[in-house]
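Visitor: Just to be clear, the model below is a prediction. Sequence and coordinates:
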Amino acid sequence: MASPLPLFCHDAGSGTVNAHSAVNLVADNFVFLEGPVWIESLNSFLFSEMDFNGPQDKGPRSVIHRLSLPNKIEVFIDNAGSNGLATDGKDLLATTHDDQGLTRYSLPNKARTEVLDSYQGKQFNSPNDLAISALGDIYFSDPDWQLGSRENQTGMTGVYHLNGKGEVAVVDGSLQKPNGVTLSIDQDVLYVGDVDGKIGRYTIEGDGSTGQRDEFAKVDGPDGMGMDCAGNLYVTSHAAGQLHVISPQGQSLAVIDVAPQLTNIAFGGPDHKTILLTAGGKLFTIDSPIAGLPY
């Protein structure tokens with residue numbers, strides 16, 4: 001059953017970014033960036049910075065930064081252990097590799113609460129990216145990029161579904177290293193990228209469960225994903241440093257050169273028409289003619 005569009009999509013604009021869209025450098029003094037999300041209550045973006053220079057036994061040390069547009073940046077949560085970030089409209093949700101799970105951060109006081117860290121008694125690897133439905137269902141990928149010296153207890157690198165009752169199910173346990181995940185604008189489809197370049201889609205049923213995987217598109221080294229109000233899918237190509245825009249029918253609409261190690265994307269700003277991109281140690285924005293989702 002299709003979910004209603006967010007309010008900011010009712011007058012969202014039209015078209016997409018294209019190869020001639022200006023890519024604006026915001027900052028370039030970080031180690032490795034990931035997981036941007038727009039937080040309406042803060043009027044700011046949040047994003048993760050991972051430090052691969054220190055000990056990696058529990059994955060890299062990670063800090064969550066706050067960006068107040070156009071370029072004011074400050075530490076928001078130190079030692080967060082985070083990668084992908086999302087919001088349920090109230091709190092900040094994160095995939096956290098230090099505890100190998102999902103974490104909820106209270107935005108007012110930044111208190112950390114564990115949401116989930118295991119499936120059938122087995123610890124997850126290093127959860128990477130997540131998407132939250134309007135019903136509160138969480139879909140997340142669990143590759144082993146930040147597993148460190150810890151054991152892969154699940155015996156796979158999977159994609160999971162956590163429903164509102166706290167029940168966990170495997171969406172797909174056959175992928176090589178699943179990475180970016182996002183929901184279609186009507187929340188009827190879950191998109192997942194794999195390290196082999198294949199973007200798959202899974203039909204979402206009324207109870208939040210998912211159907212079989214269908215191949216939707218191919219992108220070289222797909223990483224994070226975004227979604228605009230017209231239902232177009234945005235995929236960052238880590239390998240090529242490019243942003244791909246793909247229509248709901250799987251047609252390539254645009255390819256934009258950004259920077260090496262392009263990792264993730266989110267729409268934000270007062271009108272949700274500022275695209276924030278994380279790429280290695282750099283942060284970029286693109287002005288979009290159409291609004292999009294906050295992570």
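Guide: The structure has been received and is ready for your questions. Residues are numbered from 1 along each chain as shown.
Visitor: Check the gap between Arg112 and Phe76 for me.
Guide: Using C-beta to C-beta, to the nearest Å, one gets 13 Å for the distance from Arg112 to Phe76. Glycine gets a C-beta too; all of them are placed from N, C-alpha and C.
Visitor: These two: which has the busier surroundings?
Guide: Phe76 (20 against 16; other C-beta atoms under 10 Å).
Visitor: Export the strand or helix carrying the more buried one to CSV, keeping only CA atoms.
Guide: Element membership of Phe76 [criterion: DSSP states H and E] is strand 72-77. The C-alpha coordinates for strand 72-77 follow below in CSV (Å, rounded to 0.1, in the frame of the first residue of the first chain):
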residue,chain,number,x,y,z
LYS,A,72,29.3,26.2,9.5
ILE,A,73,30.5,22.8,10.8
GLU,A,74,30.8,21.6,14.4
VAL,A,75,31.1,18.3,16.3
PHE,A,76,27.6,17.1,17.2
ILE,A,77,28.3,13.7,18.8
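Visitor: give me the number of residues near Glu205?
Guide: Neighbour number of Glu205 under other C-beta under 10 Å is 11.
Visitor: so where does Thr278 fall, helix or strand?
Guide: With DSSP H and E as the criterion, the answer for Thr278 is strand 274-279.
Visitor: May I have the strands that pair with the very next helix or strand once past that strand, each with its orientation?
Guide: Next in sequence after strand 274-279, counting helices and strands by DSSP H and E, comes strand 282-287. In the sheet, strand 282-287 lines up against strand 24-27 (antiparallel), strand 274-279 (antiparallel) (DSSP bridges).
Visitor: can you list contacts of strand 282-287?
Guide: Here strand 282-287 makes contact (C-beta atoms under 8 Å, 6 or more residues apart in numbering) with 17, 21-28, 30, 33, 47, 67, 69-70, 73, 243, 256, 258-259, 273-277.
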